[in-house]
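**Student:** Okay, structure incoming, though there's no sequence with it:
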């Protein structure tokens, strides 16, 4: 296993403590990142339904498709009799659902009555937990009171252990190699797909003996006028002299992520882009200068807003979010968003992707850092020049 | 646009015809593959809620996060006033959901009453449509009768147009290059991650002038004893002489997929693996020999079962599924499964991944083809030796 027994036990204890506070007698975990966090189970099997049942007391149970139970035996921190595969005939059927079987299995194991004493938490907004799955549980387990768990496992994940920080540092080393591959490859005349191929190669091969894992998001390369929107992937178009290319990518190692965004100008950057880059750099510096335990997340957002306002600019979207374990389609933890409405207070070993992404009228700019809150300040995971990168000027 | 106006109109007409048969006065499409199929919108933005509203008559409407609306203007076959971005403050909040805003926008546009005359279809089992999103619609639109659309768009997608077939042939050319990269790289002493990196590079760079897109699933390389389960991804372990490596990957081009599985033995294959490979090859040949319009899918499954039974074997899982457009986490269309319970009858230009995947006790084997049903038989998209590949024997 990647983590010690003690660490897995501490994670489970942390989840149960929060469950108790929320009045949950059991929890059904469906987010693959949460399943990995609690059990270590790791495979590309989340396109069919999966769940971990977490009772207030007793063993966790992992449910997967039957053909994936073998992978679970190999990778999960659970005894084999706590791993259960549902039969193939439940897959992709209009009128039955794997969670019908999961509910029946929980009943057969005598676990339904114990959980009926309180509310049972569901991850109501996790990817891969569908309304059909939800209704299967509603109908099969009428004695349960099903409630939103409000990302209870995600919140436990928000403060990292030393072992997790070590994995994120390794992810950051992969990230640096991938960003270097991007900057080295992107040039006038090169196809966007060839740059993305070089980035992906570096992301997976890794660097300095650290193997790369697949990032939860593919490399994004909004280019030229299309850089006014953040999530376009590559095309076969060739980069052109004078274009700016926004690069957003992550290094991943054992499912832990360190994302990073930089912008490359092919040739001298136009004045408006250079001015934007200066404002964003100043804003990011202002935010980094505020990071330490005890500071409210909203104060980071305010520091950013103040700086941008001095430049006559504003950013309607959040400037960062909690990071760690990620599976497609997102490397964010779905908990803390760095914006003025967020009430979270920073604690040591929280980790964030701080991203100054500005999408203007037919141009755009991104500059980011993956960071850790230290005992008295901030650690940037990556060491890549924090500036607008100009090539061949 | 990638397809003609006529093709997009025909897709919409096909969906509306099925909607009529199912009594649907409107449909809310949330599967990114279905959104792409109907509108052309293509970005890695599906980690926040998105939807296309398809009324029985009138314009389709696309809803995305505000920052993604710019990408939608660039890529979608819709007039700009039919693209609507919800405000950033709806993202990742515990007590409000973007679909609260979507429901309000439909009401403001006067579209709720018209759809209340029939049932409104929802993609109840699509990835990225969460129970929280479903409950937001339930509460905000009490005059609507919400029902399962039972993959209505997916079913329209199951028969491809000539333009789509052409894209799948290009995806197959990418696939061939990626499989060749896998076979060339995998050797005793090489790290699994380095093979995956070479595969990914080839998948994205493409081949013969065809640019590669990101496949919906990363390369899977179950190796040695772990090949008894299908969905494990790579590690940093080094391949060893005598191991068999299962390779499952796809070529993708403009979101269309051609998947392929092969197994490489590093050195002479042990007898049990060679016998398994013979049985699977014979089974796959038997299936391919049956493929033509008018044949029931279940008869393909029976041909497979008969062949395997002669070898004293059986396979509990489906031997194939419909393919085409795909987004992570799946390149399958979530409609036709090639198994004895499926009642579908083959039609020209249906496309499948036929996969003989056998997960035994501490070894495994996969052999597959991506195929098209022609007017009188079958076309294999890829031309890769259909056999157990033995290296350095």
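**Tutor:** On my side now, so go ahead. The model shown is predicted, which means the values in this text are computed figures rather than measured ones.
**Student:** Helix, strand or coil: sort out residue A:85 for me.
**Tutor:** Secondary structure, DSSP: H, G, I helix; E, B strand; the rest coil: residue A:85 is strand.
**Student:** I figured it was touching residue A:62, is that so?
**Tutor:** No - Residue A:85 lies out of contact with residue A:62 (C-beta atoms under 8 Å); the separation is 9.4 Å. Every residue, glycine included, has its C-beta placed from N, CA and C.
**Student:** So for these two, which residue has more residues nearby?
**Tutor:** Counting neighbours by other C-beta atoms under 10 Å in any protein chain shown for residue A:85 and for residue A:62 shows that residue A:62 has the greater number, 26 against 18.
**Student:** Just say helix, strand or coil for that one.
**Tutor:** Assignment for residue A:62 (three-state DSSP): strand.
**Student:** per-residue confidence for it?
**Tutor:** At residue A:62, the model reports a pLDDT of 98.
**Student:** do stretch A:204-214 and chain B meet?
**Tutor:** Yes - residues of stretch A:204-214 contacting chain B under C-beta under 8 Å from any C-beta of the partner chain: A:204, A:205, A:206, A:211, A:212, A:213, A:214.
**Student:** on that earlier part again, overlap of the contact sets of residue A:85 and residue A:62?
**Tutor:** Taking C-beta atoms under 8 Å, 6 or more residues apart in numbering or on different chains as the contact rule, residue A:85 and residue A:62 both touch residue A:72.
**Student:** returning to that earlier point: just the residues of stretch A:204-214 next to chain B: which are in strands?
**Tutor:** Within the residues of stretch A:204-214 next to chain B, membership in strands is found for no residue, as judged by DSSP state E.
**Student:** which of these has the most neighbours?
**Tutor:** residue A:212 (32 neighbours).
**Student:** ok, now which ones touch that one?
**Tutor:** Contacts were defined as C-beta under 8 Å, 6+ apart; by that measure residue A:212 touches A:174, A:178, A:202, A:203, A:204, A:205, A:206, A:251, A:252, A:253, B:193, B:197.
**Student:** Identify the residue spatially nearest to it, adjacent ones excluded.
**Tutor:** Leaving aside its sequence neighbours, residue A:212 sits nearest to residue A:206 (C-beta to C-beta, 6 or more residues apart in numbering or on different chains; 3.8 Å).
**Student:** The one you found and residue A:324: what is the separation?
**Tutor:** 19 Å (C-beta to C-beta, to the nearest Å).
**Student:** ditto for residue A:105
**Tutor:** Distance from residue A:105 to residue A:324, by C-beta to C-beta: 30 Å.
**Student:** So those two - more neighbours on which side?
**Tutor:** Using other C-beta under 10 Å as the criterion, residue A:105 and residue A:324 rank with residue A:324 on top: 27 against 15.
**Student:** so for the host helix or strand of that one, what's the average pLDDT?
**Tutor:** Assessed by DSSP states H and E, residue A:324 sits inside strand A:320-327. Per-region confidence: strand A:320-327 scores 98 on mean pLDDT.
**Student:** chain center to that strand: distance?
**Tutor:** Put simply, strand A:320-327 sits 3 Å off its chain's centre (C-alpha atoms, centre = their mean, to the nearest Å).
**Student:** now the angle from the helix or strand following it to strand A:320-327?
**Tutor:** As assigned by DSSP H and E, the chain's next helix or strand after strand A:320-327 is strand A:330-337. If you take axes from the mean of the first three to the mean of the last three C-alpha atoms, to 10 degrees, strand A:330-337 sits at 140 degrees to strand A:320-327.
**Student:** Tell me the strands beside strand A:330-337, with direction?
**Tutor:** Partners of strand A:330-337 in the sheet, by DSSP bridges, are strand A:320-327 (antiparallel).
**Student:** contacting residues around the partner strand?
**Tutor:** Residues contacting strand A:320-327 (C-beta under 8 Å, 6+ apart): A:31-33, A:36-37, A:46, A:157-158, A:160, A:164, A:168, A:215-216, A:250, A:252, A:255-259, A:287, A:300, A:331-333, A:335-338, A:350-355, A:368, A:370, B:92.
**Student:** Just these: which are in helices?
**Tutor:** Among the contacts of strand A:320-327, the members found in helices (DSSP state H) are A:32, A:33, A:36, A:37, A:157, A:164, A:168, A:287, A:300.
**Student:** Export these as TSV, with columns for pLDDT.
**Tutor:** Formatted as TSV, the ones in helices among the contacts of strand A:320-327 follow (pLDDT from 0 to 100):
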residue	pLDDT
A:32	98
A:33	98
A:36	98
A:37	98
A:157	98
A:164	98
A:168	98
A:287	98
A:300	98
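**Student:** which of those residues lies closest to chain B?
**Tutor:** Lowest distance from chain B to the ones in helices among the contacts of strand A:320-327 (C-beta to the nearest C-beta) belongs to residue A:32, with 8.8 Å.
**Student:** quick one: contacts for the most centrally placed residue in chain A?
**Tutor:** Nearest residue to the geometric centre of chain A (C-alpha atoms, centre = their mean): residue A:331, 2.0 Å. Residue A:331 sits next to A:215, A:216, A:217, A:250, A:252, A:257, A:259, A:323, A:353 when contact means C-beta under 8 Å, 6+ apart.
**Student:** does the third one really touch residue A:329, like I thought?
**Tutor:** Yes - contact between residue A:217 and residue A:329 holds when scored by C-beta under 8 Å: they sit 6.7 Å apart.
**Student:** okay, and the common contacts of those two?
**Tutor:** Taking C-beta under 8 Å, 6+ apart as the contact rule, residue A:217 and residue A:329 both touch B:44, B:47.
**Student:** Look at these two and report which has more neighbours.
**Tutor:** When neighbours are counted by other C-beta under 10 Å, residue A:217 and residue A:329 differ, and residue A:217 comes out ahead with 24 against 21.
**Student:** residue ranges of the strands in the stretch 251-393 of chain A, please?
**Tutor:** Taking DSSP state E, counting those that start in this stretch as the criterion, the stretch 251-393 of chain A contains strands spanning A:256-266, A:320-327, A:330-337, A:351-359, A:364-373, A:378-380, A:389-391.
**Student:** so how far is the fifth one from its chain's centroid?
**Tutor:** Right, strand A:364-373. Relative to its chain's centre, strand A:364-373 lies at 14 Å (C-alpha atoms, centre = their mean).
**Student:** dump the residue contacts of residue A:252.
**Tutor:** By C-beta under 8 Å, 6+ apart, the contact list for residue A:252 reads A:171, A:174, A:203, A:212, A:213, A:214, A:215, A:216, A:258, A:326, A:331.
**Student:** Now do the contacts for the second one.
**Tutor:** The one in question is residue A:174. With contact taken as C-beta under 8 Å, 6+ apart, residue A:174 is in contact with A:202, A:203, A:206, A:207, A:210, A:212, A:251, A:252, A:253, A:258.
**Student:** does residue A:53 sit in a helix or strand, and which one?
**Tutor:** In the assignment (DSSP H and E), residue A:53 maps to strand A:51-55.
**Student:** Out of the contacts of residue A:174, which is nearest to residue B:294?
**Tutor:** Nearest to residue B:294, judged by C-beta to C-beta, of the contacts of residue A:174 is residue A:203 at 46.4 Å.
**Student:** Alright, I will stop here.
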